[in-house]
Each structure stands twice: as structure tokens, then as C-alpha cells.
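Trainee: Here is the input, now give the coordinates:
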Amino acid sequence: MMNISLLFPTAIGNIRNFITEEERLKLLKDIKNTIHFPHGAIRGDGFSTHTKPNLCIDKSIIQRLQDAGEEYSQEYGNEPIILMDIWSNIQNIGSILTEHCHPNSIISGALYINVGDDDKLWFHNPNPYINYMHKHIDTSYNFDSYWIPVKNCELVLFPSWLKHGKYDEVIKMDDRIVMSFNFGIK
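Mentor: From the prediction side, this is the model:
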């Protein structure tokens, strides 16, 4: 019998119901009342506070984000981290979140504030040679890209170098709202 070793797995962390429905609705209202600007990673009718973060977030949510990031970082084997940047994105029908990563940080994440029932977060295989494989069937070892379902109130954490977004995933709702953030070394 053959043993298969997982040499370079990439950990994706998620916590369902990271925030309460009451917290989600408050964040939704606050984010919608914040000025957003165009952002290079969003095509079409979508905006971000990435270049000018100006979010009023409850300190208990910020502390929970920090705690979750530290737990993820420790499990992943990273050094201690600190929450550096928080911003929000608002996308409307027809917009696209293009493939991108988050340089100058260690861990990145997203907190889903207002998404549809069939919303996804796409990740892309970091192996530059994956297309040289002669694939007969897709397995977790040879996907070019892979998506996970996301729901309102859910937190997703991932290494900042991991590309996410998809050039052909068109948003099918107005006011798709995600709060994003980066962690750096403490």
C-alpha cells in the first residue's frame, strides 16, 4: 500500500458565526455610510476603503480578529502577529474581484458582512508548474483554482501570498460587503 505525504499544504482557517447577526447589521450600516473609492482589484461597480481606511469597528470585534489571527498564525507556525490594516469593499451587480494577493503582510482575511447564499471565495494554486501535469481527474493536488463557500458572519484567514479572487466570477447582487484585513509580524 502506498503512503501519500502532503508536502506543502496551505492552511485556510474559517470560523462560522464569528460575529453575531446584531454585530453584522451594525457593521453593514456603518460600512454603507462610509465613503468608498475605486480600487484596482475590483472591476466594474465596486468600491473600497483600502487606500483610506475609515471604519468604526467595535473594539471587541477588533480584539476577536486579533485573537483569531494569532491562533491561525500559531497553528501555521508563524511568528507572533499584529492586526495592521482593516478596510471594506462594496461590490454591486456585474463587478468582479480580480485575482490578487496582499504583499507586505503575513496573514490576510475576510469577514463576510453581506453576501449571497451561493457566494464563494476563490483561491489559486501557487505552484507555477501545475499546468504541466497531465490531468485526467481533478484532485486536491492538481486544481488550478478552488473555491470555498462563504456566508454572512463568517471569518476566513489565509496566508497573504495566496492569490484569491477570480477574473470571471461576476457578482450577482448589489451591496456585497466584505471587511478585509492584514496581519504583520509583531
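
Trainee: got the contact list for residue 28?
Mentor: 113, 114, 177 (Cβ atoms under 8 Å, 6 or more residues apart in numbering). Yep, even glycine has a C-beta here, placed from its N, CA and C like the rest.

Trainee: how does it look with 6 Å?
Mentor: Residues in contact with residue 28 (Cβ atoms under 6 Å, 6 or more residues apart in numbering) are 113, 114.

Trainee: Report the separation between it and residue 123.
Mentor: 25 Å (Cβ to Cβ, to the nearest Å).

Trainee: Within the helices and strands, which one has residue 66?
Mentor: With secondary structure defined by DSSP states H and E, residue 66 is part of helix 59-76.

Trainee: what angle separates the very next helix or strand once past that helix from helix 59-76?
Mentor: For helix 59-76, the succeeding helix or strand toward the C-terminus, using DSSP H and E, is strand 81-91. Going by axes from the mean of the first three to the mean of the last three Cα atoms, to 10 degrees, strand 81-91 is angled at 110 degrees with respect to helix 59-76.

Trainee: Numbering from 629 from now on, please.
Mentor: Let's use 629 as the start, then, which means that last one is strand 709-719.

Trainee: gap between whatever helix or strand comes next after strand 709-719 and the chain center?
Mentor: Note on strand 709-719: by DSSP H and E, the next helix or strand toward the C-terminus is strand 724-725. Its chain's C-alpha centre and that of strand 724-725 lie 12 Å apart, by Cα atoms, centre = their mean, to the nearest Å.

Trainee: Give the partner strands of the lowest-mean-pLDDT helix or strand in the chain in its sheet and their orientations.
Mentor: Lowest by mean pLDDT, DSSP states H and E among the helices and strands of the chain is strand 773-777, with a mean of 94. Strand 773-777 has its sheet partners listed here by DSSP bridges as strand 748-752 (antiparallel).

Trainee: Output the partner strand as PDB - backbone C-alpha positions only.
Mentor: Below are the C-alpha coordinates for strand 748-752, written out as PDB (Å, rounded to 0.1, in the frame of the first residue of the first chain):
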ATOM      1  CA  LYS A 748     -17.600  31.900  -3.000                       C
ATOM      2  CA  LEU A 749     -14.000  32.800  -2.200                       C
ATOM      3  CA  TRP A 750     -11.700  31.600  -4.900                       C
ATOM      4  CA  PHE A 751      -8.100  30.600  -4.200                       C
ATOM      5  CA  HIS A 752      -5.400  29.900  -6.800                       C
END
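
Trainee: Run a quick check on residue 742 versus residue 807, I expect a contact.
Mentor: No - contact criterion Cβ atoms under 6 Å: residue 742 and residue 807 do not qualify, at 10.1 Å.
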